[in-house]
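Novice: Generate coordinates for the sequence data below:
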Amino acid sequence: MKRFSVIMLAVLAFAAIACEKPVDPDMPAINWASNPSFSQVELAPGLDGSVSVSAPGKIDMFTITLGLGEYALLANPHIGLSSNKGSASKSPVFDLVDDTTTAAFLKKLGITAGSGLRGKTLASLDLVAVFNALIEGQVVSNNSSFTMKIDVRDQAGKTATATAKFHFTSAPTLYWDANPNFEVVNLNDPQKALKIRVNAPGKIDKLTVKLENGADPKLMTYIQNRTTGSTTIIDLIGDEKVGDSFKGYFPAGATVSGKVDVTLDFGFMYSQKYDMSASTNVFTITAVDKNGKTTTAQAKFKL
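Specialist: Residues are numbered from 1 along each chain as shown. Predicted structure coming up:
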């Protein structure tokens, strides 16, 4: 029985190999070196969106269908062929060969496009550069997803297709409810809430509060005495000393790292003002999330 099983496994393995279709070396191919499986990736700083196309049978058609959802209309100014323009229910299409308007847009991004692509055997494009150019100046909703479907056909009618999938997480945001425009706070005026909320959908990786040069000398000393190395940078994750030094005002360590929401309370400035002379004191808050997205803002206090 055991011998029969071994024979059957060998027969099945041979059959499987025999049934595999040989790879046609003349077929067009689409390759994303940094993401060969075209799995979904996060739109984060440093993302490599370089895709290469090979077509031994020479390129005849080369398009990108842009799954931009609610942002579909952003592509239309860069499309000359009316049939390729997007709408609320239709994805826009970039024709890299026959649309001169699209070609002009892509050439500005350093991407070779236009009728000169027809007959070529190699081409390349940067999907991230295309996406970033389209959404420049736009506020993109957190937790958004996008696709870019690449289609290539050669002069023999052979085709290749691949779909790049992207996810977008918003960068950290700083909110100061009592002072939404982050205006200078006069410490001699009636007291207001000095609580600043840090919201990071991509989870906090680094959070620092730096007292800038030019601040009141006694305030500088106050901060330096509460940080490792007597620095004016309050590192809320990397500096263990900070946790105890600013307890009750700033969270630190595990209560910050990997969190989505934390609150910084600069209320200590009201008690410190009695040791300070006339001055303007600027704290730069820097939040970096797990995707490498960074946001900064300044909290300013004067006497």
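
Novice: From start to finish, how long is stretch 258-273 in a straight line?
Specialist: Start-to-end span of stretch 258-273 (Cα to Cα, to the nearest Å) is 33 Å.

Novice: Please disregard the earlier target; I meant stretch 252-261.
Specialist: Start-to-end, stretch 252-261 (Cα to Cα) is 12 Å.

Novice: now stretch 288-303
Specialist: The first-to-last residue distance of stretch 288-303 comes to 31 Å (Cα to Cα).

Novice: and that stretch, which residues are buried?
Specialist: Residues of stretch 288-303 classed as buried: 288, 289, 290, 291, 293, 295, 297, 299, 300, 301, 302, 303 (neighbour count, 16 or more other Cβ atoms under 10 Å). Using the backbone N, CA and C atoms, a C-beta is placed for each residue, glycine as well.

Novice: For the third one, list the residues it contacts.
Specialist: Listed by Cβ atoms under 8 Å, 6 or more residues apart in numbering, the contact set of residue 290 reads 202, 203, 204, 205, 258.

Novice: coming back round to it: with pLDDT added, can I get the buried residues of stretch 288-303 in TSV?
Specialist: Below are the buried residues of stretch 288-303 laid out as TSV (pLDDT from 0 to 100):
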residue	pLDDT
288	98
289	98
290	97
291	97
293	97
295	97
297	98
299	98
300	98
301	98
302	96
303	92
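
Novice: Tell me the one of these nearest residue 164?
Specialist: residue 291 (17.5 Å; Cβ to Cβ).

Novice: List the contacts of that closest one.
Specialist: 42, 44, 45, 169, 202.

Novice: so the first one sits right up against residue 167, yeah?
Specialist: What it means is residue 42. Yes: counting by Cβ atoms under 8 Å, residue 42 does reach residue 167; the two are 5.3 Å apart.

Novice: hey, what's residue 207 bridged with?
Specialist: residue 287 (DSSP bridges).

Novice: Mind checking which residue lies nearest the centre of this protein?
Specialist: residue 44 (2.5 Å; Cα atoms, centre = their mean).
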